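*Asks:* Coordinates for the following, if possible.
(chains A, B and C)
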Amino acid sequence: MSIEKKKYECSALPKGWQREEVIRKSGLSAGKVDVYYYSPNGKKFRSKPQLARYLGDALDLATFDFRSGKINSLLLRKNKKQRGTQFDYSNFLTYSNYCFSRGVRNDASLVPPIRQTASIFKQPVTVYKTQEGKVKTDFKHGPQEKPKQVCHQ
DNA sequence: GCCACCGGTGGC
DNA sequence: GCCACCGGTGGC
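*Replies:* The predicted model follows:
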């Protein structure tokens, strides 16, 4: 039989990103599920910090739940200790809030949004509905490869 | 040498 | 005690 492995688009991330679940098949941790992400250009990611480093300012992962691949606003409360550079919360809106404000629910488990008005992404982004419950995001002239420094004025 | 995979543990 | 994260290595 084929191995339990699936790679799907991840709706909480920009178009082209994929999420994969791999079930451990041996050892003490057999049955444990490992989650990996693949960037549009095929780079593999095995942790949220790794993802965050790669994305830099291009996308805020504060509400991104790595394991489930979904947006979880509760993560904001449990502020993980931020090392080195400290994140500026004064000027951002979570992706889920953004979806909410657009009348898009992409996940049933979203908690009510915290009302905020701010620019969402630090990079131009287009969000549009395709089908029921699906959201696509496209970065305008987004870099193909590594997101380099984005100029914030 | 690479990388998929499981182990070990720090931080909670 | 759990689990997110990443080290290390076996198998290629």
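*Asks:* Name the nearest residue to the closest residue to DNA strand C within chain A, sequence neighbours excluded.
*Replies:* Closest to DNA strand C within chain A is residue A:47: 3.2 Å, counting by C-beta to the nearest atom of the strand. Heads up, the C-betas are built off the backbone N, CA and C, glycines and all. For residue A:47, ignoring the flanking residues on the chain, the nearest one in space by C-beta to C-beta, 6 or more residues apart in numbering is residue A:66 at 7.0 Å.
*Asks:* Report the contact partners of the closest residue in space to residue A:46 that isn't next to it in sequence.
*Replies:* Spatially, and ignoring its direct neighbours in sequence, residue A:46 is nearest to residue A:36 (5.5 Å; C-beta to C-beta, 6+ apart). By C-beta atoms under 8 Å, 6 or more residues apart in numbering, the residues touching residue A:36 are A:19-20, A:22, A:44-46.
*Asks:* my read: residue A:61 touches residue A:53, true?
*Replies:* No. Using C-beta atoms under 8 Å as the test, residue A:61 is too far from residue A:53 to be in contact (10.2 Å).
*Asks:* Give me the more crowded residue out of these two.
*Replies:* Ranked by neighbour count (other C-beta atoms under 10 Å), residue A:61 and residue A:53 place residue A:61 first, with 19 against 10.
*Asks:* Are stretch A:12-28 and DNA strand B in contact anywhere?
*Replies:* Yes. Using C-beta under 7 Å from any atom of the strand, stretch A:12-28 reaches DNA strand B at A:22, A:24-28.
*Asks:* out of those, who's nearest residue A:76?
*Replies:* residue A:22 (28.6 Å; C-beta to C-beta).
*Asks:* does that closest one count as helix, strand or coil?
*Replies:* strand (DSSP: H, G, I helix; E, B strand; the rest coil).
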